[in-house]
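A.B. asks: return atomic coordinates for the entry below.
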Amino acid sequence: MIRIEIPVDAQGITALLRRAFNRDDEACLVHKLREDGLLTLGIVATDDDGGVIGYAAFSPVLIDGEDRQWVALAPLAVDQPFRGQGIGGQLLYTGLDTLNEFGYHGVVVLGSPDWYSRFGFRAAAELPLECRWPGSEVALQMFSLSDEALVGLSGQVEFAEHFNALS
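C.D. replies: Prediction:
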């Protein structure tokens, strides 16, 4: 089942992120975003017993210092035994649909262009959009949720400060 996260999911999300990334960084990131009110949306995939097997987090970003109603997708994780079954795509589509319903204009992600392009993401450098991390030019991808989302859009994408703790 794919749905918006609820408070009881927090422990399962933390455990999934630790398993999926073999470290604590992403779990700590989500915890801090949630704690500071910067988790715009969390989408979970659960198994038949209600255990969390997939997760996608969305948090606000600024573009050239302005709130343009864009968010970042990070992290996105699917538990190893369930990979290759389309769960990541389902999490992504559910997140995009929900964000669209909430009136957001777009999503950015640092990730594989090969994987994200299958879902309609394109290189953010086309606009041009960039972020502060060196070497991210190819990995920074974007998805617009509305026609007006790209009008006059350019500059630096500023992720929440919490992302600076990721190694």
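A.B. asks: what is the neighbour count of T46?
C.D. replies: 17 (other CB atoms under 10 Å). No exception for glycine: its C-beta is placed from N, CA and C like everyone else's.
A.B. asks: quick check: bridge partners of it?
C.D. replies: V52 (DSSP bridges).
A.B. asks: what about S154, how many residues close to it?
C.D. replies: S154 - counted by other CB under 10 Å - has 13 other residues nearby.
A.B. asks: look up the closest residue to it, ignoring the ones flanking it.
C.D. replies: L127 (5.1 Å; CB to CB, 6 or more residues apart in numbering).
A.B. asks: got a list of what F21 touches?
C.D. replies: Counting by CB atoms under 8 Å, 6 or more residues apart in numbering, F21 touches 27, 75, 77.
A.B. asks: got the contact list for the nearest residue to the first one once chain neighbours are set aside?
C.D. replies: This points to A27. Computed as CB to CB, 6+ apart, the closest residue to A27 that is not its neighbour in sequence is L17, at 4.0 Å. Residues in contact with L17 (CB under 8 Å, 6+ apart) are 26-27, 30, 55, 75, 77.
A.B. asks: name the helices or strands packed onto the longest helix along the chain?
C.D. replies: What stands out as the longest helix in the chain, according to DSSP state H, is helix 87-101. The contact analysis (3 or more CB pairs under 8 Å, 6 or more residues apart in numbering; DSSP states H and E) places helix 87-101 against strand 2-4, strand 41-46, strand 52-63, strand 66-78, strand 106-110.
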